[in-house]
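Q: okay, here's the prediction I keep looking at, along with the sequence it came from:
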Amino acid sequence: MKIIQAISLKTKGIITIEGDSSYRLERKGANEDIWLAYTEKGFLTPDEDNPALAVKPGDIVDNHETLNGVHSYRIVEFANNAPKPTDYEYSNIVRYGICGPVGFSFGNYQPPPGQWGEICTPDDLRETWIWGTDFKATNGNLFTDNQIKYYIDNAIAEVERRLNITIKKKRIRCNPEIKGLEKGKDYDIEEALYDFKFARIQRYGAIPLRHHPIIKVHRFNLIGKFQNSEKSLLGSTIVDKTKGMLKLMERPLRPSETIRGIQTATNMYGTETLSMHLFYDIDYDAGYESASDVPLDLREAIAKSAAIALLNVVGDGLMSGFSSSSLSMDGLSESFSSTQSATSAYFGARIKVYQDELEKYIADNQRKFGHIPIGCL
């Protein structure tokens, strides 16, 4: 396993590489078209006179005098002579020198290849959604980027729960231990088998998945109870990615029918118990492929949710427990009154506007990403 991380010191950077091999190190600016390789003369386009160097795990200092703007780094094993973009490990994005804010609202942020990225950056929150707000408390403490990212992650989870969708890409696998899969490496979420119900597929011919929207379905098999027989249905199934629905185009199995392998798993129980001994084994990826694929309105809802939580905390840090004050001396008087009280936050007006807009968005789009559950008695 290899890991690369970059730290900005404004005029230079420190790239930390962990691993057990020699690597080719490359750098690219946000406004550049090509990756530059690390050579004896710095990051350049390599040639015969100035070839790329094999970099050992450890710390590398990037100290180019013209280093400025937004950059990212990547590494690949040096022995790989024709690497593909997916073969690389990519670093976080860092800023050097004097450059403006970075984010989707500024049109200068793209998730690094191979990474999901950030749905909105700390600069998006500071400079766009909470524009004009000081992030420095009365005691001098600053609200850091990592703290803002924590609130952004919480906002993503909150919107996922309220809309009943998956936003960050998740690899969902059924019975991963039996398949020899490792969590974190091969999958993110373990999911149970889906029950086979003949009455349901006979009427609707569709199976709603537990997570949506769907990126890709890798496996869709009808299996016996003891998983000693299976039948693939993926080739004859239409995938509704937005709704998270698998629409079966093949005529469903009837209790009176026999299929090679399936009959062996169920014949000892009789056809009346068919549904009790058949299941669907489904492996799929859910969410959005990267942060740049998230719809603009959904990104805005997440940013507003994060901004509401931040405004509550930052407001108290700027003016905690303060409502009004007055001062008079020798016939002169001065008074100041804020909107803060025991039941109203310092930024209460903006919080209320964002809350109302977020509630309206949730109400208007609650069924946009999924199906409407309907039942009867």
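A: Looks like it arrived, so ask away.

Q: helix or strand: which one has His307?
A: One correction, residue 307 is Ala, not His. Element membership for Ala307, per DSSP states H and E: helix 296-318.

Q: what residue ranges in the stretch 51-200 of the chain score low on pLDDT?
A: 65, 98-99, 136-141, 199-200 (pLDDT under 70).

Q: which parts of it are strands?
A: Counting by DSSP state E, counting those that start in this stretch, one finds strands in the stretch 51-200 of the chain at the ranges 54-55, 58-62, 69-77, 89-90, 94-96, 170-174, 189-191, 194-195.

Q: indicate which one of the ones you listed is closest to Pro295.
A: strand 170-174 (17.8 Å; Cβ to Cβ). Quick note: C-beta positions are derived from backbone N, CA and C, even for glycine.

Q: okay, now the sheet partners of the closest one, with direction.
A: According to DSSP bridges, strand 170-174 has the following sheet partners: strand 189-191 (parallel), strand 278-286 (antiparallel).

Q: looking at the ones you listed, which is buried most?
A: strand 278-286 (a mean of 22; mean count of other Cβ atoms under 10 Å).

Q: out of the strands paired with strand 170-174, which comes closest to Thr242?
A: Nearest of those (Cβ to Cβ): strand 278-286, 11.4 Å.

Q: mean confidence for the closest one?
A: Throughout strand 278-286, pLDDT has a mean value of 93.

Q: CA-only coordinates of it in PDB, if you can.
A: This file holds the C-alpha atoms of strand 278-286, laid out as PDB (Å, rounded to 0.1, in the frame of the first residue of the first chain):
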ATOM      1  CA  LEU A 278     -34.400 -18.500  -3.200                       C
ATOM      2  CA  PHE A 279     -32.600 -15.200  -2.800                       C
ATOM      3  CA  TYR A 280     -31.000 -12.400  -4.900                       C
ATOM      4  CA  ASP A 281     -27.300 -11.900  -4.600                       C
ATOM      5  CA  ILE A 282     -26.600  -8.300  -5.800                       C
ATOM      6  CA  ASP A 283     -23.300  -6.400  -5.900                       C
ATOM      7  CA  TYR A 284     -23.400  -2.700  -7.000                       C
ATOM      8  CA  ASP A 285     -22.000   0.800  -6.500                       C
ATOM      9  CA  ALA A 286     -24.300   3.500  -5.300                       C
END
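
Q: how far is that strand from where the chain is centred?
A: Centroid separation between strand 278-286 and its chain, computed with Cα atoms, centre = their mean, to the nearest Å, is 22 Å.

Q: contacting residues around it?
A: 166, 169-175, 191, 193-196, 207, 209, 211-225, 227, 230, 233, 244, 246, 253, 262, 265-266 (Cβ atoms under 8 Å, 6 or more residues apart in numbering).

Q: quick revisit: tabulate the strands paired with strand 170-174 (JSON lines), appending distance to Ala349.
A: Below are the strands paired with strand 170-174 laid out as JSON lines (distance: least, Cβ to Cβ, whole Å):
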{"stretch": "strand 189-191", "distance to Ala349": "40"}
{"stretch": "strand 278-286", "distance to Ala349": "38"}
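
Q: ok so, going back, how about the strands of the stretch 51-200 of the chain in JSON lines, adding distance to Tyr23?
A: Converted to JSON lines, those look like this (distance: least, Cβ to Cβ, whole Å):
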{"stretch": "strand 54-55", "distance to Tyr23": "5"}
{"stretch": "strand 58-62", "distance to Tyr23": "10"}
{"stretch": "strand 69-77", "distance to Tyr23": "4"}
{"stretch": "strand 89-90", "distance to Tyr23": "9"}
{"stretch": "strand 94-96", "distance to Tyr23": "18"}
{"stretch": "strand 170-174", "distance to Tyr23": "26"}
{"stretch": "strand 189-191", "distance to Tyr23": "31"}
{"stretch": "strand 194-195", "distance to Tyr23": "43"}
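
Q: residue contacts, Ile152?
A: Ile152 touches Glu118, Ile119, Cys120, Pro122, Leu125, Ile302, Ala306, counting by Cβ under 8 Å, 6+ apart.

Q: which of those lies closest to Gly132?
A: Of the contacts of Ile152, the one sitting nearest to Gly132 (Cβ to Cβ) turns out to be Leu125, at 12.4 Å.
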